[in-house]
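J.: next comes the sequence, and after it the predicted model I'd like to discuss.
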Amino acid sequence: MSLVAVGSMAFDAIETPFGKTDKILGGAATYISLAASYFVKPVKAISVVGYDFGDANIGMLKAHGVDMEGVQVKKDEKSFFWSGRYHTDMNSRDTLVTELNVLATFDPQVPDSYQDCEYLLLGNLSPDVQRQVIERMENRPRLIALDTMNFWMDIALDSLYATLKLIDVLIINDEEARQLSGEYSLLKAAKVIMAMGPQYLVIKKGEHGALLFNGGEVFSAPGLPLEEVFDPTGAGDTFAGGFIGHLAKSGDISFTNMKRAVIYGSAMASYCVEKFGPEKLQSLKYEDIDSRVEEFVRLAHFELEF
Ligand code: AMP
């Protein structure tokens, strides 16, 4: 197994009904790599940061088993910055600021030591950049998963279509699935989206769980009711990191095992939202993950005799 994770490494400023942060560590690849590092090490990251990212953040990621060889540091530019404000229900948010900075000219490099990649997770970035990474791999990875967002559907739809043809698993939320397919029913949306390329589709529904589709099959993972939800930022990326981390660790990409991967992804995301930013992801224990997965199993289990 060899896992490569691509995406932003950034600073975020977040407002939720429970509080507000100044610039804190963020970025899709940060959340993905930290989450996946609980399943496989190293997680080989591809990203770009500026002079302001800091040795402490790089050191923290390395200490979690994240290989930073594919992360470019631009000495004269600032890191990507994103700021968002969550609504009272925390299921939706407004983007307040997006400063692309180093991401505006990101030319992703795949180091030689990453060329053994079997599992590739393309975090939310321009679909052109996501496709470049696939094209720069000497051999096609065994499994390519991709996360995207409405922003790219609005401004780069044709490029997104071209990239979707090259991947195996698409991971998006319900609103994005509706926008991409033009269908309200998630069942109809899934058929339309799988016809665009990906054989597997995960539709995340925030606190209401997630659906996994493959051909005519559907699996529904519950949302775990939580007492503490402070900040949903990065929950989607953390889900994706746990999902691909479990697949890479087990080496099994069957639909049956993908159902388990959805539960592992959901368990990791449920921890992520309990603190601001990626803080909680830096201090989990392996037994925490197992105990949360057991909660999912208990929550969804019932018996019925016909
Ligand atoms: P999520 O809450 O899972 O959608 O991910 C939030 C993370 O995505 C934040 O840490 C942001 O830094 C990052 N992010 C937000 N917008 C973009 C974008 N357009 N491109 C890349 N990363 C982004």
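T.: Nice, thanks for sending it over.
J.: could you point out the longest helix of the chain?
T.: Looking across the chain with DSSP state H, the single longest helix is helix 255-272.
J.: which other helices and strands contact that one?
T.: Using 3 or more C-beta pairs under 8 Å, 6 or more residues apart in numbering; DSSP states H and E, the elements in contact with helix 255-272 are helix 28-36, strand 200-204, strand 210-214, strand 217-221, helix 235-250, helix 286-300. Every C-beta, even on glycine, is put in place using the N, C-alpha and C of the backbone.
J.: buried set for the fourth one?
T.: Neighbour counts over strand 217-221 (16 or more other C-beta atoms under 10 Å) mark F219, A221 as buried.
J.: neighbours of the closest residue to V66 other than its chain neighbours, just the number please.
T.: Of all residues not flanking V66 in the chain, S33 sits nearest, at 4.5 Å (C-beta to C-beta, 6 or more residues apart in numbering). Residues contacting S33 under the criterion other C-beta atoms under 10 Å number 35.
J.: and S33, what does it touch?
T.: A5, V43, A45, L61, H64, V66, G241 (C-beta atoms under 8 Å, 6 or more residues apart in numbering).
J.: which of the residues you listed lies closest to the ligand?
T.: Of all these, the one sitting nearest the ligand is G241; the distance, using C-beta to the nearest ligand atom, is 10.1 Å.
J.: that closest one: neighbour count?
T.: When neighbours are counted by other C-beta under 10 Å, G241 comes out with 36.
J.: check K75 too.
T.: Applying other C-beta under 10 Å, we find 6 residues neighbouring K75.
J.: all numbers from here: first residue = 828
T.: Sure, I'll start counting at 828 from here, so that last one is K902.
J.: tell me how far it lies from the ligand.
T.: Remark: distance between K902 and the ligand (C-beta to the nearest ligand atom, to the nearest Å) = 21 Å.
J.: excluding chain neighbours, what is closest to that residue?
T.: Y878 (5.3 Å).
J.: what does the stretch 878-1027 of the chain have sitting close to the ligand?
T.: Neighbours of the ligand within the stretch 878-1027 of the chain, by C-beta under 6 Å from any ligand atom: W909, T925, N951, L952, F978.
J.: narrow the residues you listed to those in strands?
T.: Counted as lying in strands by DSSP state E, out of these, are W909, T925.
J.: looking at the residues of the stretch 878-1027 of the chain next to the ligand, which one is closest to F1082?
T.: F1082 has its nearest neighbour among these in N951, at 24.6 Å by C-beta to C-beta.
J.: separation between whichever residue of the stretch 1028-1133 of the chain sits closest to the ligand and V937?
T.: Nearest residue of the stretch 1028-1133 of the chain to the ligand (C-beta to the nearest ligand atom) works out as G1063 at 3.1 Å. To V937, G1063 is 24 Å away according to C-beta to C-beta, to the nearest Å.
J.: same question for G881.
T.: According to C-beta to C-beta, G881 and V937 sit 25 Å apart.
J.: okay, those two: which has more neighbours?
T.: More neighbours surround V937 than the other of G881 and V937, with 22 against 14 (other C-beta under 10 Å).
J.: pull the residues that contact stretch 1079-1088.
T.: 969-970, 996, 1027, 1039, 1041, 1044, 1046, 1048, 1069-1071, 1073-1074, 1077.
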